[in-house]
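K.L.:
Sequence first, then the predicted structure, then my questions.
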Amino acid sequence: MRVSGQVEAAVLIKLALVLRILSKSKYKNLRLALFPTLLPLIYRYIFRLLAAYRNVLPSSISLPWDLKLRVNPRVVSALLSSPLLLLLPPGLRVQLAAFSATSAAAAIISKPSSDPASSQSRRKSRDWRDFLPPPWLVYVSANACLLWICLFEEHAFPQGFGNALLHYSQWYNPDHPDGTKIYGIIRAGDYLVNPFSTLPHKYALCQAMHPHEPSCVANHVKALIYELASATTWLGPLGALTTIAFKRRKLLSDPGLTLAQWAESTLRNSAVVAGSINASWGMTCVLQRLLPPNKFTRSRWLLNGFFGSMWIFLVPSARMFDLAAYIARLAMLSTWKVYKSRGGKSLKSGFPFVIP
């Protein structure tokens, strides 16, 4: 066993030397290609090594290193093989760390499924997960954070989401599709009452957001109807493809029910997309009348995102949990970018400690 241990130690030392050589910038593409190959190989090698030592050691040994070997081999193998993540580019490591952290948290806090015995036992004794915030609260809070970052820290906002936000905001940003005008006005913070009584809008920000429709309520209703139809044009075909791919048998056996479920799902999803975006803009008209001018010019947009995201209640509870985890992950990544752009400190190469 001693000879075998020396050989295995030599293998790990050689692997460390190889990783050090690959850390040079000229091997960037090679590192990216090697990662999916090396990670499972190293994981399985370490796992077999720990399992073998665990089997040959007598249970009476109580040395400190023996206690470490008694830890779950899968956990230790994941931790010891995780330095291979340094082969990935920094941006990809950040995304992978956020994905791993949120996925692990979702798996831990997800409620156990519906088994009568476990449900009855949970009624008798409260579970620690009962004290966690509900998925809808996580969703609306993360969306509020994302909207604030989109408006005031645009560099940290996911570009795809920024394009979607502008695409479904045509009634609140009619003259400048790229968002330059409305973003500039919002960031300037000039939320004053319009000094010209002849203008149809009482508030300057309302004048900038919907100049062609003097009524805030009418503009919001028109925006909701228009963007709902726009979202349906791509969510409908996407849902149809999903139904054909994963529910073919059900479609053939009961086409009426399957088509009704597809239509309901399309309408729900379209309403959440179009409703959330336009309600976030529409809250501006409400807050203009409730908050004093030029006060809370940045923090008020957290309220816009929070209340605008209440459309999430149209989504079934199981789907709500998945959406909350996804939006929380995006908010975490964007917040991390803002933190780093402002000179925030972090543990160098600390991703291997998060991802396992």
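P.N.:
All right, it came through fine.
K.L.:
Make sure I have this right: Tyr172 is in a helix.
P.N.:
No - according to DSSP: H, G, I helix; E, B strand; the rest coil, Tyr172 belongs to no helix; its state is coil.
K.L.:
Backbone dihedrals for the spatially closest residue to it that is not a sequence neighbour, please?
P.N.:
Excluding the flanking residues, the one nearest Tyr172 by CB to CB, 6 or more residues apart in numbering is Trp281, at 4.1 Å. The C-beta positions use only the backbone N, C-alpha and C, and glycine is treated the same way. When read as degrees, to the nearest 10, the backbone of Trp281 gives phi -70, psi -40.
K.L.:
Any idea how many residues pack against Trp281?
P.N.:
Neighbour count for Trp281, taken as other CB atoms under 10 Å: 23.
K.L.:
and it, what is it in contact with?
P.N.:
Contact analysis of Trp281 by CB atoms under 8 Å, 6 or more residues apart in numbering lists Ser169, Tyr172, Met209, Ala223, Asn304, Gly308.
K.L.:
give me that answer again for 7 Å
P.N.:
Trp281 makes contact with Ser169, Tyr172, Met209 under the criterion CB atoms under 7 Å, 6 or more residues apart in numbering.
K.L.:
Distance check, the last one against Leu151.
P.N.:
Put plainly, it is Met209. Applying CB to CB, to the nearest Å, the value for Met209 to Leu151 is 13 Å.
K.L.:
Tell me how far the residue nearest to Tyr172 lies from Ala78.
P.N.:
As for Trp281, its distance to Ala78 is 44 Å (criterion: CB to CB).
K.L.:
ok, now Gly236?
P.N.:
Counting by CB to CB - Gly236 and Ala78 are separated by 41 Å.
K.L.:
do the same with Pro200
P.N.:
62 Å.
K.L.:
Quick one: low-confidence residue ranges for the stretch 1-150 of the chain.
P.N.:
1-35, 52-72, 75, 82-84, 86-87, 90-91, 111-126 (pLDDT under 70).
K.L.:
let's see 90
P.N.:
Applying pLDDT under 90 to the stretch 1-150 of the chain flags the ranges 1-135.
K.L.:
Compare Pro200 and Ala78 (neighbour count), which wins?
P.N.:
More crowded of Pro200 and Ala78, by other CB under 10 Å: Ala78, with 17 against 12.
K.L.:
Surely Asn294 and Ala204 touch.
P.N.:
No - look at Asn294 against Ala204 with CB atoms under 7 Å: they stay out of range, at 10.7 Å.
K.L.:
hang on, the earlier thing: what about Met209 and Leu151, which has more around it?
P.N.:
A count of neighbours by other CB under 10 Å puts Met209 above the other of Met209 and Leu151, at 26 against 19.
K.L.:
For the closest residue in space to the more buried one that isn't next to it in sequence, give its distance to Cys285.
P.N.:
Leaving aside its chain neighbours, Met209 sits nearest to Tyr172 (4.8 Å; criterion: CB to CB, 6+ apart). Plainly put, Tyr172 is 10 Å away from Cys285 if you go by CB to CB.
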